[in-house]
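Asker: just to be clear, the model below is a prediction. Sequence and coordinates:
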Amino acid sequence: MIAHNETHQILFKLNLAQRTLMKSIDREIREKIGTSATQIAALFYLMENDGCLLVDLSRELLQNKSAITTLVERMEKNCLLQKVPSQVDKRASQLFLTTKGKELGLKALPFVAAYNKVLADGFSQDELAVVARFLDTVISRFETVPDNYFKKGNPFSGQ
């Protein structure tokens, strides 16, 4: 039997924590707001970047082309955003929030604040800074980009 050191379980625990948290958030967001956590994440991005290109949203949410297309189609169908051809590049699409999309995004803000408060409860500011630094490091080391799924310099890309 292999002895497991706590530090060797970081990957497992990080995965389990992410799945548990997102399942809870998605369930509550669907019940109370009527949409998915992924759509809320898209709304939050668009609240700060209205008129962004579809590819920008794809990169922000780390979604491949087919997944982001499906997400945007669903959001368009639910009147949360409007997709229009870019004035600069007719092959590209810009995304604009509708009034309904903005209202839904604003309605979700208190839920995110509440989850952040619950997550931070019992930790000092110094401890939270370490957690944030750890998570930022994980993201920067393993971030995937929908265009090619591996950034130059990623240790798994063979570059």
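Answerer: It's in.
Asker: pLDDT weak spots in this structure?
Answerer: 1-8, 144-159 (pLDDT under 70).
Asker: if you set the cut-off to 50 instead, what comes out?
Answerer: For the chain, the stretches flagged by pLDDT under 50 are 1-2, 146-159.
Asker: okay, helices next: where are they in it?
Answerer: Secondary structure of the chain (DSSP state H): helices at 10-32, 37-48, 54-61, 65-77, 99-120, 125-142.
Asker: will you turn those helices into CSV that also has distance to Ser86 and mean neighbour count?
Answerer: Where C-beta positions appear, they are placed from N, C-alpha and C, glycine not excepted. Written out in CSV, the entries for the helices of the chain read as follows (distance: least, C-beta to C-beta, whole Å; neighbours: other C-beta atoms under 10 Å):
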stretch, distance to Ser86, mean neighbour count
helix 10-32, 30, 12
helix 37-48, 15, 20
helix 54-61, 9, 18
helix 65-77, 14, 15
helix 99-120, 19, 14
helix 125-142, 28, 11
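Asker: so which residue is smack in the middle of this protein?
Answerer: When C-alpha atoms, centre = their mean is applied to the chain, the residue found nearest the centroid is Leu61 (4.4 Å).
Asker: verify the contact between it and Ile40 for me.
Answerer: No - counting by C-beta atoms under 8 Å, Leu61 stays clear of Ile40, with 10.9 Å between them.
Asker: related to what we said a few turns ago, and the residue nearest to the centre of the chain, how close does it get to Leu11?
Answerer: With the distance defined as C-beta to C-beta, to the nearest Å, Leu61 ends up 22 Å from Leu11.
Asker: contacts only, for the closest residue to Pro85 other than its chain neighbours.
Answerer: The spatially closest residue to Pro85, leaving aside those adjacent along the chain, is Ser93, at 6.2 Å (C-beta to C-beta, 6 or more residues apart in numbering). Listed by C-beta atoms under 8 Å, 6 or more residues apart in numbering, the contact set of Ser93 reads Leu53, Leu54, Lys83, Val84, Pro85, Ser86.
Asker: repeat that for 10 Å
Answerer: Under the criterion of C-beta atoms under 10 Å, 6 or more residues apart in numbering, the contact partners of Ser93 comprise Cys52, Leu53, Leu54, Val55, Leu57, Thr69, Val72, Gln82, Lys83, Val84, Pro85, Ser86.
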